[in-house]
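Participant: Any chance you could fold what I've pasted below:
(one chain, ligands or ions: 1)
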Amino acid sequence: MSRILIAEDEPRIASFLEKGLKSNGFTTAVAEDGNGAYYMARSGEFDLVILDIGLPGRDGFSILRDLRRSGSAIPVVILTARDGVTDTVAGLEGGADDYVTKPFRFEEVLARIRVRLRDGVAPTETVLRAGGVALDLRTRRVQVGGRNVELTAREFTLLETFLQHQGQVLAREQLLSHVWGYDYDPGSNVVDVYVGYLRRKVGVDRISTVRGMGYRFEVGEEAD
Ligand code: CA
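Facilitator: This is a model prediction of the structure:
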């Protein structure tokens, strides 16, 4: 089980990341200020750091620079505001492995974390399968009953989320935060709309509506 340090001072974002990572099997801890983040990142207790640039006490760039100077090779994924991308590229030169711009979708962060944790480790299976559906995370190709199916980026992420939680009921809010991110209006019906799109492409019977609770990807028989 991988341990992720979340260095982020905005509670809403920290808890959004923490919830998502825990539901994907990671162990997490949050550092809310720069000095704490630096100390924890060096402790050897973590496998990867998600590092916000704007932290109180000490900014992310300074933490990163000192980590690398001290010889730490811990993978670092930077979180940055969209208008700070130029700075961030400088940050990458300073030894970060990757960056994500705010606002971000959870799946973007998760994808980067998975790639970083995979570096130097044996390659893992990148194809998710269930009920005759195969989704390749690396090539982004989707097959249903052996036929290629074209999905939009959002539909792909939605299907990926379903396949990672096969047979489980996923609440609308869960899907909204996983696929659309924390900046999305919880009252939006966008989840229902996209489940409709996805059903048309992968088969209506593959995604059940569980009344009052949400949706479930069916893994039983192939619904062709
Ligand atoms: Ca911040």
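Participant: In terms of secondary structure, what does the helix or strand of the chain with the lowest mean pLDDT contact?
Facilitator: Least confident element among the helices and strands of the chain, by mean pLDDT, DSSP states H and E: helix 85-93 (a mean of 71). The contact analysis (3 or more C-beta pairs under 8 Å, 6 or more residues apart in numbering; DSSP states H and E) places helix 85-93 against helix 60-69, strand 76-81, strand 98-102. In this view, the C-beta of every residue, glycine as well, is placed from N, C-alpha and C.
Participant: Any chance of those in CSV with distance to A134 as columns?
Facilitator: Formatted as CSV, those follow (distance: least, C-beta to C-beta, whole Å):
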stretch, distance to A134
helix 60-69, 38
strand 76-81, 28
strand 98-102, 27
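Participant: winner for burial among these?
Facilitator: Scoring those by mean neighbour count under mean count of other C-beta atoms under 10 Å gives strand 76-81 as the most buried, with a mean of 22.
Participant: Can you classify R129 by secondary structure?
Facilitator: strand (DSSP: H, G, I helix; E, B strand; the rest coil).
Participant: and the closest residue to the ion within the chain, how many neighbours?
Facilitator: Of all residues in the chain, G54 sits closest to the ion, at 3.7 Å by C-beta to the ion. Here the number of neighbours of G54 (other C-beta atoms under 10 Å) works out to 15.
Participant: From V115, how far out is T126?
Facilitator: Separation of T126 from V115 (C-beta to C-beta, to the nearest Å): 11 Å.
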